[in-house]
Structure formats: C-alpha cells, structure tokens
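Q: Pasting the sequence and the predicted coordinates here, then a few questions.
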Amino acid sequence: MGKADDTKKRVERAALTLFMARGVAETTTREIAMAASVAEGTIYRYFPSKDALALELFTRHHVALAEALIEAHRPHKKLRQKAEAIVRCYCDWADRDWTTFAYHLLTQHHFLASLSEDLPNPVDVVRDVIAQAIAASEIPKRDVDALTASVVGVVLQAATFKVYGRITGALTDHAPTFVEAAWAVLNAKPG
C-alpha cells in the first residue's frame, strides 16, 4: 500500500470513528482531519465532500456485505444451511469490523435511497434465497418480504442491541440463537 492509500485509509477510519461517535451531520471535516493527522484539504484530494465520504463508506460496506452473503450461502443446497450461512456471515462481518458494521446499520435509512438499484444489496440476497425456497416448496408459501424482514431483523435487531449495550461481546457468540430464531421464522406454519 502506498502513502496515498495509507492516508486515504486513515481519513476513512477517522471519519467512521467520528461518524459513529457524533453522527455524520455533527462531524466536521476539520475534526476528521485532526483525527487522521492530515491537513483538512487532504480530505478533498480523496472525496469531494464530507457527505460523499460518508456515502462511499456506506456503499462500499453495503456492496461488500451483499457479495459476502452470496458467497456464504452459494455452496449450500438446502434452505436451513443457507439460512445458517447467511446469519453467521452477518455476525462475522459485524465482529470483524464493528465500527463499520454499526455505521452501516445506523445510517442505512439515510443512505439507502441514494444507492443505485443495480448494486448488490444484502436484503435482496436474503429475499432471493427465501423466494427460491418458497418456489421449491422447501417452506410454506408466505409473504416473502415479511419473511425477509423477520429473518434480517433477527440479526440486525441484535446488532442494534449491541450498539446500545444491551448485548455485549461478539455477535458470533450468539449466532446459534440467531440461526434457530431465523429458522423458526422461516419454518413457521402460515397463519
């Protein structure tokens, strides 16, 4: 990695840390520069604005997480194994870089509308797996979006609890519970 790449990574990490601590709107480029030990103008070599920096950080994680979920479930044939792979992948991603995962989680409502619909999307990955399982009669036919929201919510609500200190430690420590909860949702008999 060259000096420019190292500087950009320092700016990004400083921004993520500050965005998580103070929020995007409340964080200034001056604070980011100070935290990254660079001149404020250096930020603009890499990003046209603080908002562009915030969106790039969100988008990069969003797409990479979707791609990781695809790779995690792809080798499996049955829904149970796919669901477990997806839940564990979410947990692994959260534990690998909690700051980035929590940033993505807490800013999704702000940034999702800005993303191109052709970008890989973690929720769409889960939705596609569930829709295929319904089509293959692996699980009872139900509203695929309600099921997707419920399954994704199992992990993301737990992550939200972690943000606010209600769950401590690694999410992977709780993955067996989340897997069973997701499977219970998917396997429940229709109303």
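A: That came in fine, so what should we check first?
Q: Flag the shaky bits of the protein, pLDDT-wise.
A: Scanning the chain with the threshold set as pLDDT under 70 gives 1-2, 191.
Q: need the longest helix for it.
A: helix 50-73 (DSSP state H).
Q: Does anything pack onto that one? Which helices or strands?
A: Helices and strands touching helix 50-73, by 3 or more C-beta pairs under 8 Å, 6 or more residues apart in numbering; DSSP states H and E, are helix 3-22, helix 29-36, helix 40-46, helix 79-96, helix 98-111, helix 122-135. In this view, the C-beta of every residue, glycine as well, is placed from N, C-alpha and C.
Q: please redo it, this time with the cut-off set to 6 Å
A: Applying 3 or more C-beta pairs under 6 Å, 6 or more residues apart in numbering; DSSP states H and E, we find helix 50-73 packed against helix 79-96, helix 98-111, helix 122-135.
Q: What are the buried residues along the last one?
A: The one in question is helix 122-135. 122-130, 133-134 (16 or more other C-beta atoms under 10 Å).
Q: Tell me the one among these nearest to Phe101.
A: Distance to Phe101 across the buried residues of helix 122-135 (C-beta to C-beta) is lowest for Pro122, with 11.1 Å.
Q: the inter-axis angle of the longest helix of the chain versus helix 122-135?
A: 30 degrees (axes from the mean of the first three to the mean of the last three C-alpha atoms, to 10 degrees).
Q: Flag every buried residue along helix 50-73.
A: For helix 50-73, burial by neighbour count (16+ other C-beta under 10 Å) applies to 50, 53-55, 57-59, 61-62, 65-66, 68-70, 72-73.
Q: Same check on stretch 153-165?
A: Neighbour-count burial for stretch 153-165 [16+ other C-beta under 10 Å]: 154-156, 158-159, 162.
Q: would TSV of those residues with distance to Glu12 be doable?
A: Converted to TSV, these look like this (distance: C-beta to C-beta, whole Å):
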residue	distance to Glu12
Val154	30
Val155	25
Leu156	23
Ala158	26
Ala159	21
Lys162	22
